[in-house]
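Q: Fold the following for me, if possible:
(chains A and B)
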2 protein chains.
Amino acid sequence: MKMLGVLGGMGPLASAEFMRQLTLLTPAERDQDHIPTILWSDPRVPDRTAARVSGGEDPLPALVRGIRGLEAAGCGAIVIPCNTAHGWYEGMRAATDLPILHIVDAAAAELRRQGVTEGPIGLMGTTGTLAMRLYQDRLGIECLTPDAETQERLVMPCVGLVKANRIAEAYAPLAEVAQGLRARGAKAVVLGCTEIPLGIAAGPTLDFPVIDTIAALARAAILWARE
Amino acid sequence: MKMLGVLGGMGPLASAEFMRQLTLLTPAERDQDHIPTILWSDPRVPDRTAARVSGGEDPLPALVRGIRGLEAAGCGAIVIPCNTAHGWYEGMRAATDLPILHIVDAAAAELRRQGVTEGPIGLMGTTGTLAMRLYQDRLGIECLTPDAETQERLVMPCVGLVKANRIAEAYAPLAEVAQGLRARGAKAVVLGCTEIPLGIAAGPTLDFPVIDTIAALARAAILWARE
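A: Down below sits the predicted model:
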């Protein structure tokens, strides 16, 4: 049976939720039916948005250290439940022979699974993810994003709240941003930062399609394990 | 910063919940304040109760393989979010120089933290855990356990339901068993199988003290990380 490697800790609650979704979405009758998985949860990886937008420390060396650990453990593929870290995807790919399942491809598959085949879609993510155009350039669908003021006033503080275990407080501002994108014509809203679905899950369900990138990545991992 | 090793996958949902509790119980303002952790989630470890009560395959070799992986990753201590696996505690301890934080000691600390200083207490666990007297012989408090018929008719099927992702169905039978122990005079009920707190969390909160051994083990790990 193939062993999955999870390069995590960015943040650690999103990694725990990834493990939960991976388990709950796997058809299983007993422990032995579940997917063997190594989670390398290293929350010390330097902040990805700070590295991209304000000259913070480069996270790539820490990311590659985690990949080396997952290789040594015998993993056959890697997933990274952190959208912003995918800004270093090419650097990580150059450092390993293992396949790295891209979270934007997982989100694209989830959009198709939910029947969303055309844009525009709404995109929520860290300032780093939006600045690096991780979704806009890979998805091939028009993406509506929050304006810069909304991004800094509502989205980024909520990402921080979830990382600080203050999840319930993150719901209302995040829901407001998602509803704003919906009002601008988004067919669905991609929660393109793994802290955001945690905040959105802490309150009433939104009444339009949203893409949980933690669950989407878990589905991609399950497909890989069954191949 | 010390790195924690989690020997998990027994079952995988309990391991995910351990990672969630570890994160939520850690005082943190940002990713970098959380505890670096490697989760070795190997659900292929042979069934622990079957090994003890019906001649199933010995799980010790698989447990030691996981310990080797956690040693190689650089972990400084090991926790095992599976009560029944602690039946092989001495064998594991003989196989590694790393400290293994014992889940029964974590439950004892949690009983003290909740102000429960005398028995009797109620004890719910797998048939293997009860047969090996993991709690009765280590806790030094009188333990009331379900009768054999209740154990096989209600407790063990619910452990299986959680491992099969049918968590909501496990609530009512598990709550009935806990209430039965309470009615027999238990000052608190120890949920001494890591599937049981998952089932008990799926319905209304019980109106007497319960010891969640997943959260108790997370607290023990946080204390170790801060030492």
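
Q: so where do the strands sit in chain A?
A: Counting by DSSP state E, the segments of chain A that form strands are A:4-8, A:37-41, A:77-79, A:100-101, A:121-124, A:143-144, A:189-191, A:210-212.

Q: can I get these in JSON lines with mean neighbour count, mean pLDDT and distance to chain B?
A: (Glycine included, C-beta is placed from N, CA and C.) Conversion of the strands of chain A to JSON lines gives the following (neighbours: other CB atoms under 10 Å in any protein chain shown; pLDDT from 0 to 100; distance: least, CB to the nearest CB, whole Å):
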{"stretch": "strand A:4-8", "mean neighbour count": "27", "mean pLDDT": "98", "distance to chain B": "8"}
{"stretch": "strand A:37-41", "mean neighbour count": "28", "mean pLDDT": "98", "distance to chain B": "4"}
{"stretch": "strand A:77-79", "mean neighbour count": "23", "mean pLDDT": "98", "distance to chain B": "13"}
{"stretch": "strand A:100-101", "mean neighbour count": "17", "mean pLDDT": "98", "distance to chain B": "17"}
{"stretch": "strand A:121-124", "mean neighbour count": "28", "mean pLDDT": "98", "distance to chain B": "19"}
{"stretch": "strand A:143-144", "mean neighbour count": "19", "mean pLDDT": "98", "distance to chain B": "26"}
{"stretch": "strand A:189-191", "mean neighbour count": "28", "mean pLDDT": "98", "distance to chain B": "18"}
{"stretch": "strand A:210-212", "mean neighbour count": "23", "mean pLDDT": "98", "distance to chain B": "16"}
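
Q: Mind listing what's buried along stretch A:128-148?
A: Taking 16 or more other CB atoms under 10 Å in any protein chain shown as the basis for neighbour counts, the residues of stretch A:128-148 that come out buried are A:128-130, A:132, A:134-136, A:138-139, A:141, A:143-146.

Q: Just the pLDDT at A:Met1, thanks.
A: In this prediction, A:Met1 carries a pLDDT score of 79.

Q: which residue sits closest to it, ignoring its sequence neighbours?
A: Leaving out its chain neighbours, the residue that sits closest to A:Met1 by CB to CB, 6 or more residues apart in numbering or on different chains is A:Pro36, at 6.0 Å.

Q: who touches the one you found in this structure?
A: A:1-4, B:9, B:41-44 (CB atoms under 8 Å, 6 or more residues apart in numbering or on different chains).

Q: can you put the residues you listed in CSV and add distance to B:Pro120?
A: As requested, these are exported to CSV (distance: CB to CB, whole Å):
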residue, distance to B:Pro120
A:Met1, 43
A:Lys2, 47
A:Met3, 44
A:Leu4, 44
B:Gly9, 33
B:Ser41, 35
B:Asp42, 36
B:Pro43, 34
B:Arg44, 37
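
Q: Can you flag the buried ones in the residues you listed?
A: A:3-4, B:9, B:41-44.

Q: Distance to A:Ala175 for the strands of chain A - can I get that in JSON lines?
A: Written out in JSON lines, the entries for these read as follows (distance: least, CB to CB, whole Å):
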{"stretch": "strand A:4-8", "distance to A:Ala175": "26"}
{"stretch": "strand A:37-41", "distance to A:Ala175": "28"}
{"stretch": "strand A:77-79", "distance to A:Ala175": "27"}
{"stretch": "strand A:100-101", "distance to A:Ala175": "29"}
{"stretch": "strand A:121-124", "distance to A:Ala175": "11"}
{"stretch": "strand A:143-144", "distance to A:Ala175": "16"}
{"stretch": "strand A:189-191", "distance to A:Ala175": "10"}
{"stretch": "strand A:210-212", "distance to A:Ala175": "10"}
